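**Student:** Dropping a prediction and its sequence here:
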Amino acid sequence: MNFKRALCAQKPYLFLMNTRYDEFTPDLVEKYFQRCLFYGMYPSMFSHNAAEDPYWRNPRWCNRDRLLFKRYIPLIKRVAEAGWEPIPHTTSDNEHVYVERFGPDGTGNVYFTFLNDSDEPQTATIRIARAPLDLAGVSDVTDQVSGERFPVRWAEEGGLLQVPFAPEQVRVFPLKCR
């Protein structure tokens, strides 16, 4: 994924999931969508053998996953259109919690995506550099996936957050540039 993201830079990338969708349950679809969200890449579906029984011709699968599409595709679009940036100006003190940055977009929003790449709960101290992005100081940030709010402590060099993560959880924090 890192290789694909780096090669594409700010260009869009679309995954095509070929699998047996009766076995690719909603929890796996959500995990797939969250990974795509972390990397700012679009998910899609086809069939187990790229020929027979396509996902989009089976209303049972499409209807089963409809709420996941409604929840994640707008977030993925927002993040992807902001454009991936190779230098996040943000760090995690936890080796299992990865960070990517997208933007700023046309309205001055920067999106930070975080991924707990372990199967255990994790907590990370997130440090966001203020000066390189000219970030406005805010008292808290809201995870765009879960709706949870986290307080931000600002100092001259940047913001500091303590963030818990469920196993393999993805979070998205938008911040405004001045």
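**Tutor:** Ah, there it is.

**Student:** contacting residues around the residue most central in space within the chain?
**Tutor:** The geometric centre of the chain, computed from its C-alpha atoms, lies nearest to residue 38 (CA atoms, centre = their mean), at 2.7 Å. Residue 38 is in contact with 98, 100, 113-115, 170, counting by CB atoms under 8 Å, 6 or more residues apart in numbering. Bear in mind the C-beta positions are built from the backbone N, C-alpha and C, glycine included.

**Student:** Break the protein into its domains for me.
**Tutor:** 2-82, 87-176 (automatic domain parsing).

**Student:** burial measure for residue 22, as a count.
**Tutor:** 12 (other CB atoms under 10 Å).

**Student:** Next one: residue 94 from residue 35, what distance?
**Tutor:** 18 Å (CB to CB, to the nearest Å).

**Student:** How much space separates residue 72 from residue 66?
**Tutor:** Distance from residue 72 to residue 66, by CB to CB: 11 Å.

**Student:** Just want to know which of those two has more residues nearby.
**Tutor:** More crowded of residue 72 and residue 66, by other CB under 10 Å: residue 72, with 22 against 11.

**Student:** pLDDT value on the more buried one, please?
**Tutor:** Looking at residue 72, its pLDDT is 98.

**Student:** ok, it - contacts?
**Tutor:** Counted by CB under 8 Å, 6+ apart, residue 72 has contacts 30, 33-34, 36-37, 43.

**Student:** Which of these fall in strands?
**Tutor:** Among those, no residue falls in strands (DSSP state E).

**Student:** Export those as TSV, with columns for pLDDT and distance to residue 150.
**Tutor:** Compiled in TSV, these are given as follows (pLDDT from 0 to 100; distance: CB to CB, whole Å):
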residue	pLDDT	distance to residue 150
30	97	22
33	97	22
34	97	18
36	96	23
37	98	18
43	95	26
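
**Student:** Tell me where this structure has helices.
**Tutor:** Using DSSP state H, the helices of the chain run over 2-8, 26-39, 59-82.

**Student:** quick check: angle from the second one to helix 59-82?
**Tutor:** So the one you mean is helix 26-39. 10 degrees (axes from the mean of the first three to the mean of the last three CA atoms, to 10 degrees).

**Student:** on that earlier part again, most neighbours per residue, which of the helices of the chain?
**Tutor:** helix 26-39 (a mean of 19; mean count of other CB atoms under 10 Å).

**Student:** ok, now which ones touch residue 111?
**Tutor:** 78-79, 82, 101-103, 105, 144, 172-174.

**Student:** again, only using 10 Å
**Tutor:** Neighbour list for residue 111: 37, 40, 75, 78-85, 100-105, 144, 172-175 [criterion: CB atoms under 10 Å, 6 or more residues apart in numbering].
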